[in-house]
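**Student:** One predicted model, sequence on top.
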Amino acid sequence: MSNTSLLGCSAPARPGTGIGVVQAHLYPRLSERGWELAESSPRDRGRGLLSRLVGLISGFIPASGSTYLSVIPPLPVFIRKRHVVSVIHDLRWLRTRGRLARAYRSWDLRRTIAHSKVLVCISQRTQADLLAFDTRSAKKTVVALEGPGLVNDGNFNDVKNGQVLLIGGAEHKRNELAARALALAKPEWCRSIVGVGVSQECRDVLTEHFGAFETQWHERISDLELELLYRNAEVFLFLGVEEGFGLPYIEALSSGCKVVAIEQQLTVELLGDAGILIRDGDASEIASQLIHIEDPGPSIRANVASRYSWDAFADAIDASLRSRSE
């Protein structure tokens with residue numbers, strides 16, 4: 001693009017969130033590609049009811065620019081005449097949110113489908129979910145895989161220290177299940193465990209069965225500290241089945257970890273032969289599969305990890321923004 005073009009876009013999300021990571025990598029790259037970014041008003045105004053209401057209202061006010069990039073809902077109003085490109089992260093909320101939240105998000109997503117020229121889905125699973133939600137999206141969708149999260153390219157580091165990494169305390173992360181399965185299996189390949197933001201239940205189970213000297217726990221840590229934990233771990237164990245894109249899978253893989261995950265459409269798509277995919281089940285069923293895991297090999301893991309690039313993701317978004325065909 002020879003001349004700089006004004007691009008209206010969603011306000012940055014909170015740092016540390018998945019969408020916040022995407023924006024932190026995407027927005028500077030769009031600037032490098034010739035776009036002058038005009039960000040909408042921030043939605044995060046505080047935790048109080050009034051602050052949340054003001055934030056919600058501000059989300060409906062679009063920034064300037066004949067082209068608009070929607071990265072986080074809601075879709076602003078009064079943009080019918082603009083060239084709108086929307087990034088669709090996931091439809092997990094259809095299964096995990098309450099009735100009122102689902103109704104609001106469904107209404108907003110139907111508006112987004114109707115008014116967007118291009119719908120950029122971050123995975124094939126997201127695309128399939130979107131098509132099942134509303135068939136009007138069929139001719140508008142493209143798939144663009146995100147980059148390796150907060151992990152810098154070229155940081156693949158194959159280690160063999162028996163350290164297992166668990167991340168997240170939310171219920172859908174299912175790290176309590178992972179803890180019980182590890183406690184039952186006590187596999188030889190697991191010699192120490194590191195948990196980041198895991199629940200007290202998870203900590204108690206693992207400390208009881210592996211000992212305080214073989215477990216360490218972290219809470220609020222920096223992106224740099226988390227990247228170092230990825231690089232120092234041999235195995236990343238993540239049994240969640242409700243991830244949108246699953247940046248942790250890609251962050252761990254790009255750091256060199258062996259990734260143990262539940263076999264499902266998303267993990268097959270993202271990890272392929274590089275993942276150690278196991279059947280879902282209760283703690284005993286998973287434990288029986290954890291006793292022996294087979295490493296695909298560092299060359300296979302590194303090859304799949306190389307598919308994920310923020311530059312490639314930015315190129316795909318840039319191409320969608322430049323496309324103005326009806």
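**Tutor:** Now that the structure is in, tell me what you want to look at.

**Student:** in the helix or strand hosting Ala181, what counts as buried?
**Tutor:** Here Ala181, judged by DSSP states H and E, is contained in helix 175-185. Buried residues in helix 175-185, counted by 16 or more other Cβ atoms under 10 Å: Asn175, Glu176, Leu177, Ala178, Ala179, Arg180, Ala181, Leu182, Leu184, Ala185. Where C-beta positions appear, they are placed from N, C-alpha and C, glycine not excepted.

**Student:** going on from it, what's the next piece of helix or strand?
**Tutor:** Per DSSP H and E, helix 175-185 leads on to strand 192-196 as the next helix or strand towards the C-terminus.

**Student:** Name every strand pairing with that following strand and say which way it goes.
**Tutor:** Each strand paired with strand 192-196, and its direction, by DSSP bridges: strand 163-167 (parallel), strand 215-218 (parallel).

**Student:** distance between the longest one and the chain's centre?
**Tutor:** The offset between the C-alpha centroid of strand 163-167 and the centroid of the whole chain comes to 18 Å, using Cα atoms, centre = their mean, to the nearest Å.

**Student:** Find the nearest non-adjacent residue to Ser254, please.
**Tutor:** In space, not counting the residues next to it along the chain, Ser254 is nearest to Pro148; the distance is 3.8 Å by Cβ to Cβ, 6 or more residues apart in numbering.

**Student:** ok, that neighbour - contacts?
**Tutor:** Under the criterion of Cβ atoms under 8 Å, 6 or more residues apart in numbering, the contact list for Pro148 reads Ile250, Glu251, Leu253, Ser254, Ala305, Tyr308, Ser309, Trp310.

**Student:** Give the single residue among the residues you listed positioned nearest to Glu219.
**Tutor:** For these, the residue nearest Glu219 by Cβ to Cβ is Glu251; the value is 18.3 Å.

**Student:** Now name the helix or strand holding the closest one.
**Tutor:** Assigned by DSSP H and E, Glu251 falls within helix 247-255.

**Student:** What of Val260?
**Tutor:** Assigned by DSSP H and E, Val260 belongs to strand 258-262.

**Student:** Helices of the stretch 201-326 of the chain, start to end?
**Tutor:** In the stretch 201-326 of the chain, the helices defined using DSSP state H, counting those that start in this stretch lie at 223-232, 247-255, 265-271, 283-290, 298-305, 310-322.

**Student:** List the buried residues of the longest one.
**Tutor:** Of all the residues in helix 310-322, those buried under the rule 16+ other Cβ under 10 Å are Trp310, Phe313, Ala314, Ala316, Ile317, Asp318, Ser320, Leu321.

**Student:** Give me every residue in contact with that helix, excluding its own residues.
**Tutor:** 1, 7, 25-26, 29-30, 33, 35, 67, 69, 83, 85, 87, 117-118, 120, 142, 144-148.

**Student:** pretty sure Glu252 is touching Val259, no?
**Tutor:** In this structure residue 252 is Ala, not Glu. Yes. Applying Cβ atoms under 8 Å as the test, Ala252 and Val259 come out as touching, 5.2 Å apart.

**Student:** tell me, what's touching the two both at once?
**Tutor:** Counting by Cβ under 8 Å, 6+ apart, the shared contacts of Ala252 and Val259 are Phe236, Phe238.

**Student:** neighbour-wise, which of the two wins?
**Tutor:** Higher neighbour count among Ala252 and Val259: Ala252, with 32 against 27, using other Cβ atoms under 10 Å.

**Student:** ok, the more buried one - contacts?
**Tutor:** Remark: with contacts taken as Cβ under 8 Å, 6+ apart, Ala252 is in contact with Leu165, Tyr230, Ala233, Phe236, Phe238, Val259.

**Student:** any idea how far the fifth one is from Gly59?
**Tutor:** According to Cβ to Cβ, to the nearest Å, Phe238 and Gly59 sit 31 Å apart.
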